[in-house]
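# Got a sequence here, can you build the structure:
(2 chains)
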Amino acid sequence: MSDQSSVGGANIEGDTPQIEPTVETDEATITDDAELERTLGLTGGLAIGIGTMIGAGIFVFPGLAAGRAGPAAAGSFAIGALVALLVALPASELATAMPKSGGGYYYISRGLGTLPGAVVGLSLWFGLVFATAFYLVGFGYYAVDTLAELGIAVGDDLVIPLALLFGAGFTVLNITGTENAAKLQNGIVALLLSILAVFLGYGGLDAVGLIGDPSTPEQFAPFGAMPVLTTAALVFTSYLGFAQVATVAGEMKDPGRNLPLAMVGSVLIVGVLYVATIFVATSAFGGDRLAELGETAMVEVGRHYLGAAGAVAIVFGGLLATMSSANASVLSTSRAIYAVSKDALLPRRASHINLRYGTPHIALGMAGGPILALVATGRVELLAEVASFLHLVMYGLICVALLVLRRDEPEWYDPDFRAPGYPVVPILGALASFALIGFMQRTSQLIGIAIMIATTGWYAYYARDVTLKGALQ
Amino acid sequence: MTRVLVPLAILEGESVSTGLPTLLATMDVTVLGYHVLPEQTPPDQARLQYEDRATEALVDLEAAFDAAGGSADHRLVFTHDRDRTVERIADDTAADAYAITGTTGPVDRLLVTLTGDVAVDRLTSFVTELIGDREIGVTLLLATDDEPRGRTVLERAVASLAEHGIDVEPELAVDEPPLEALLAAAAGHDAIVMGEQAPSLRSFLLGEDAERIAAESVGPVLVVREHRNETEAE
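The predicted structure follows:
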């Protein structure tokens, strides 16, 4: 099956990585006997990136973040955007050199070798599972608030049951096929951006005192600099989506152009929106009040500026945004599982496609099951931080992989896009990624480390003899 | 040589009926096996699982075209978007027409409609080459609002086919909706040749004319594409 001259090796079940030579064109990937059509355009890529990120940053975090850092939470989001940007540039370069499904896992396993690849690939699975659980809990809060706006007060006790119900629903829907979800996703993102443009435009004018009553500004950083950094570590979950763009790299048209634009573009767009949102939110209420309002603080901010209509628009937007975040990351999770199972790091059965619906039901189940277990814990901040932890490890290693590949460029390494500012950008990107982990809560760090140790153990047990470095499919 | 693309949803069991390879015996044929996947499924993942089976089916089809006296090759594509794939492969192989397979036995009589956006010369030269020296009759249909002009166009087309010894019968439909006229004329013919249509609001709402015709007429439909190849376009 695969050429084993330089790479390959078998796992404990005797399966070898399925690696075949391919030719990449702008419109298709051509293998020996078949072609894989690239069907996703720039809009589709941006919709995945923005759609995954916007739910968390705008609709869930503002209350939590402002409670911790006051108006300076805007700075936390700006720090997050900067770190994301420092990683998005190197990641874009690697993505154009290896436009394959699997994203960050693929670059690290090819650039650095099987062990870091396996740890990152399996951690990415868990990272996405934690992130999806986080989005779903956020969705639960918005579902309860929607009911409240409709006059049905059910209280926060129903947050978790509703999140579980919809989490199970998304998994089943993805297994049984959703024909036009991509178009729907584009529409949802466009709608969200319009709602936000109106809201931020109006709120912004009000906040700077051009319209409405002048507000008394609170002290910018009431709790000092440290909370700004720990808050940055918390809200970094709002920036995980750009790497999800890389997981569909194999399906993107003209990858040399569209991948960097979609990755860097989505980070810039959401970064600006986040900072503006925090500014508007903290101009409406003080940090304490926002913290009290919690996950759905933005609803009250909407009410403050635009009355009942504003509250309804934000509730509706929040429902859509958290839903699209959850759905997009369920899809990414199944692709992440496929990528490692193709390389024999997980049993091959994991990427099996069922005949009835043409969907990878086992991989989707391996995403959905753990997601529901984590949703049941209901620990918003913990879920967000562990998700960020596992992603940040990958981001740091992406930067390291770029440094390694650039220092001694292999023959196959021919990216269409070269990250500007080499080597400063990837060095800073790696340092910033690892540093951000240091500002997280102790529990999140311990869980993240435990998962990485477990994945290392799995590698040692299951796939020790598999070699992937430099193995291009 | 003229090339015809035959797109088939290969893993859903779509195949060609016995008459089509015989009809296309004078042509180069590319059998395009495609498999459309829901977006949850990366095309590469489907390839790993289905490639062997699909290739086997395509090789069999290729053999059927070769056995009928034609010359065929195949392409296999895993995609999320069927139309994009057909369009790309048609451009890639410089195909002059594509076939909607339908069901037919031996073809004795073709219905050729000149209505549409593709130049009449291109349609007649395609039909001439398709028929070659075989005993296949042709009905030439033109639906128009402008009777005198239509008659001239039709006469010229009849002459250019008759010149090659083809048995031609003209049919002019005046002030009739073109699609209805075509379907009414389709009875008694084994296959239809038509020019492709520029996308319009109507085709967006109701589906492409070619596919509706294929659905109603049962037999195969050969859709001649506009010239795209620059070396051929004078």
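
# what about B:Glu147, neighbour count?
The burial metric for B:Glu147, expressed as a neighbour count using other C-beta atoms under 10 Å in any protein chain shown, is 11. Placement of C-beta: from N, CA and C, glycine included.

# Contacts only, for it.
B:Leu172, B:Val174 (C-beta atoms under 8 Å, 6 or more residues apart in numbering or on different chains).

# how about 7 Å then?
By C-beta atoms under 7 Å, 6 or more residues apart in numbering or on different chains, the residues touching B:Glu147 are B:Val174.

# how far away is it from chain A?
45 Å (C-beta to the nearest C-beta, to the nearest Å).

# same check, this time on B:Thr85
B:Thr85 sits 5 Å away from chain A, taking C-beta to the nearest C-beta as the criterion.

# ok, how many other residues are close to that residue?
B:Thr85 has 24 neighbours, counted by other C-beta under 10 Å.

# cool, and A:Gly271?
A:Gly271 is flanked by 21 other residues according to other C-beta under 10 Å.

# Could you tell me the backbone phi and psi angles at it?
A:Gly271 has phi and psi values of phi -60, psi -50 when expressed as degrees, to the nearest 10.

# Surely it touches A:Ala81?
Yes. The pair formed by A:Gly271 and A:Ala81 meets the contact definition of C-beta atoms under 7 Å, at 3.1 Å.

# Extract the residue ranges of the chain that are flagged as low pLDDT.
Picked chain A for this. Within chain A, the set of residues satisfying pLDDT under 70 comprises A:1-8, A:178-181, A:210-218, A:472-473.

# my bad, chain B
Using pLDDT under 70, chain B drops low at B:199-207, B:228-234.

# how about the helices in it?
For chain B, the helices defined by DSSP state H cover B:19-23, B:43-67, B:82-92, B:120-131, B:147-162, B:178-186, B:201-206, B:209-217.

# got a list of contacts for the second one?
By C-beta under 7 Å, 6+ apart, the list of residues contacting helix B:43-67 from outside reads A:18, A:31, A:33-34, A:36-37, A:101, A:250-251, A:338, A:351, A:353, A:360, B:10-11, B:15-16, B:21, B:24, B:29, B:31, B:33, B:35, B:37, B:72-74, B:76, B:78-79.

# Please apply the same query to the last one.
Residues from elsewhere that reach helix B:209-217, judged by C-beta under 7 Å, 6+ apart: B:100, B:102, B:179, B:182-183, B:186, B:192, B:194, B:196-197, B:203, B:206, B:221, B:223.

# at 6 Å what do you get?
Judged by C-beta atoms under 6 Å, 6 or more residues apart in numbering or on different chains, the contacts made with helix B:209-217 from elsewhere in the structure are B:Ile100, B:Gly102, B:Leu183, B:Ala186, B:Gln197, B:Val221, B:Val223.

# What parts of chain B come near chain A?
Within chain B, the positions lying close to chain A (C-beta under 6 Å from any C-beta of the partner chain) are B:37-47, B:49, B:51, B:55, B:76-81, B:85, B:88.

# For chain A, what's its nearest residue on chain B.
Among all residues of chain B, B:Thr79 sits closest to chain A, at 3.5 Å; criterion: C-beta to the nearest C-beta.

# just to revisit the earlier point, out of the contacts of helix B:43-67, list just those in strands.
Members of the contacts of helix B:43-67 lying in strands (criterion: DSSP state E): A:Leu36, A:Glu37, B:Val29, B:Val31, B:Gly33, B:His35, B:Ala72, B:Asp73, B:His74, B:Leu76, B:Phe78, B:Thr79.

# from those residues, which would you call buried?
Restricting the ones in strands among the contacts of helix B:43-67 to buried positions leaves A:Leu36, A:Glu37, B:Val29, B:Val31, B:Gly33, B:His35, B:Ala72, B:His74, B:Leu76, B:Phe78, B:Thr79, with burial counted as 16 or more other C-beta atoms under 10 Å in any protein chain shown.

# Can you give me the distance of the residue nearest to the second one when sequence neighbours are not counted to B:Arg122?
I take that to be A:Glu37. The shortest distance from A:Glu37 to any residue other than its chain neighbours is 3.5 Å, reached at B:Thr79 (C-beta to C-beta, 6 or more residues apart in numbering or on different chains). Shown here: B:Thr79 relative to B:Arg122, a distance of 29 Å by C-beta to C-beta, to the nearest Å.

# go on, B:Leu5?
B:Leu5 sits 16 Å away from B:Arg122 when distances are taken as C-beta to C-beta.

# re the thing from before, can you redo the ones in strands among the contacts of helix B:43-67 as TSV with distance to A:Ala56?
Output for the ones in strands among the contacts of helix B:43-67, formatted as TSV (distance: C-beta to C-beta, whole Å):
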residue	distance to A:Ala56
A:Leu36	31
A:Glu37	32
B:Val29	53
B:Val31	48
B:Gly33	42
B:His35	35
B:Ala72	53
B:Asp73	50
B:His74	47
B:Leu76	40
B:Phe78	33
B:Thr79	32
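
# if we take those residues, which one ends up nearest to A:Asp414?
Here the nearest of those to A:Asp414, counting by C-beta to C-beta, is A:Leu36; it sits at 19.6 Å.

# isn't A:Pro99 right up against A:Thr247?
No. No contact is recorded between A:Pro99 and A:Thr247 when judged using C-beta atoms under 6 Å, the distance being 11.4 Å.

# Geometric centre of chain B: which residue is closest?
Nearest to the geometric centre of chain B sits B:Leu222, at 1.8 Å (C-alpha atoms, centre = their mean).

# pretty sure A:Ala326 belongs to a strand, no?
No. Secondary structure of A:Ala326, determined by DSSP: H, G, I helix; E, B strand; the rest coil: helix, with no strand assignment.

# Which residue comes closest to it once chain neighbours are left out?
Nearest residue to A:Ala326 in three dimensions, chain neighbours excluded: A:Tyr135, at 4.2 Å (C-beta to C-beta, 6+ apart).

# Does that neighbour belong to a helix, a strand or coil?
At A:Tyr135, secondary structure determined by three-state DSSP is helix.

# for it, what are its contacts?
For A:Tyr135, the contact set (C-beta under 6 Å, 6+ apart) comprises A:Gly55, A:Thr322, A:Ser325, A:Ala326.

# can you count the residues close to B:Ala67?
12.

# can I see the domain layout of chain B?
For chain B, whose domains are defined here by automatic domain parsing, the residue ranges read B:3-98, B:109-224.
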